[in-house]
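[1] sequence? don't have it. structure:
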C-alpha cells in the first residue's frame, strides 16, 4: 500500500476519534482532515473543493440560514412550546416529536424538516431535562418514514392525480382510501396508477383500467 493510502487511513481514523470525543466542532475536524490531505498532495485543489459544488451541500448551507432566521424570529420556540408540548417521559417525548415530523415529511423534503426541528428539539429537551441524544435518532427515522401516496389517472393527454399522506405503523407503510372528485374525470376509459414516494423509497404499482361512466 502506497503512502497516500496509509496517510488517508490515518487521517480518517484521527477524524473519527476526534468526532467521537466531542472535544472539537465537527466542521473544524472535517476541514482539518481535508486540509491535511490537500497540503500533503493526496488531494488536488479541484478534488478538495469538488464537494462544495454538490447540490446537497449547498442545500444544507442555505438551510443553516433559514434555521437561524427561525431562531431569531421565535419560530423554533413556538415549535418547542406549542407543537411539542410537555412530555411525561422520554417515550412520550419521542412520540410527540415523531408525529408532526412524519406528517410534515410526507409533503416536504425531509432535509428542511429535520433542519427546522433540530434546534427546536434541542431546546425542548434541555427545558424538560431530557437527553437530546435520545431524540435525534427518532427524529431522523420519523422524517424518513413519512411518505406520500399518489393516485394518478391518465386518459390520452389528460392526467388527474390526488395525493395523501401514507399511513405508518411499526412494520410497514400503507396507503389509505383515496378518492378523485367526479367532476375532474371525463367519461371513458382511464388508467389508474398508485405510487408511493419518500426520501428513502420510491415505487409504483401496475396500471389498472378504470371505466368512468
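    Nice, I can see it. Keep in mind that this is a model prediction, so the values were computed, not measured.
[2] for the protein, where's the lowest mean pLDDT among helices and strands?
    Of the helices and strands making up the chain, the lowest-confidence element is strand 167-168, at a mean of 58, by mean pLDDT, DSSP states H and E.
[3] List the pairing partners of the longest strand belonging to the chain within its sheet, with orientation.
    Counting residues, the longest strand in the chain under DSSP state E turns out to be strand 188-197. Strand pairing for strand 188-197, using DSSP bridges, gives strand 148-155 (antiparallel), strand 202-204 (antiparallel), strand 208-212 (antiparallel).
[4] Would you mind giving the ones you listed as CSV with mean neighbour count, distance to residue 7 and mean pLDDT added?
    Heads up, the C-betas are built off the backbone N, CA and C, glycines and all. Formatted as CSV, the entries for the strands paired with strand 188-197 read as follows, by neighbours: other C-beta atoms under 10 Å; distance: least, C-beta to C-beta, whole Å; pLDDT from 0 to 100:
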stretch, mean neighbour count, distance to residue 7, mean pLDDT
strand 148-155, 17, 46, 85
strand 202-204, 10, 40, 75
strand 208-212, 11, 58, 88
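[5] Can you verify residue 64 is assigned to a helix?
    Yes - Residue 64 sits within a helix when classified using DSSP: H, G, I helix; E, B strand; the rest coil.
[6] On the pLDDT front, check it for me.
    Per-residue confidence at residue 64 stands at 72 (pLDDT).
[7] still on that earlier bit, and for the longest strand of the chain, what's in contact with it?
    Under the contact criterion C-beta atoms under 8 Å, 6 or more residues apart in numbering, strand 188-197 has outside partners 147-155, 166, 173, 175, 178, 202-212.
[8] mind checking how far residue 158 is from residue 97?
    Spatial separation of residue 158 from residue 97 under the definition C-beta to C-beta, to the nearest Å is 42 Å.
[9] Break the protein into its domains for me.
    Using automatic domain parsing, the domains assigned to the chain come out as 3-53, 58-145, 148-212.
[10] Just say which of the ones you listed is most tucked in.
    Taking mean count of other C-beta atoms under 10 Å as the contact definition, the stretch among the domains of the chain with the greatest mean neighbour count is domain 58-145, which reaches a mean of 16.
[11] Show me how far it is from its chain's centre.
    11 Å (C-alpha atoms, centre = their mean, to the nearest Å).
[12] can you give me the helices in this protein?
    With DSSP state H as the definition, the chain shows helices at residue ranges 3-21, 26-39, 45-50, 55-73, 75-78, 90-105, 110-127, 133-145.
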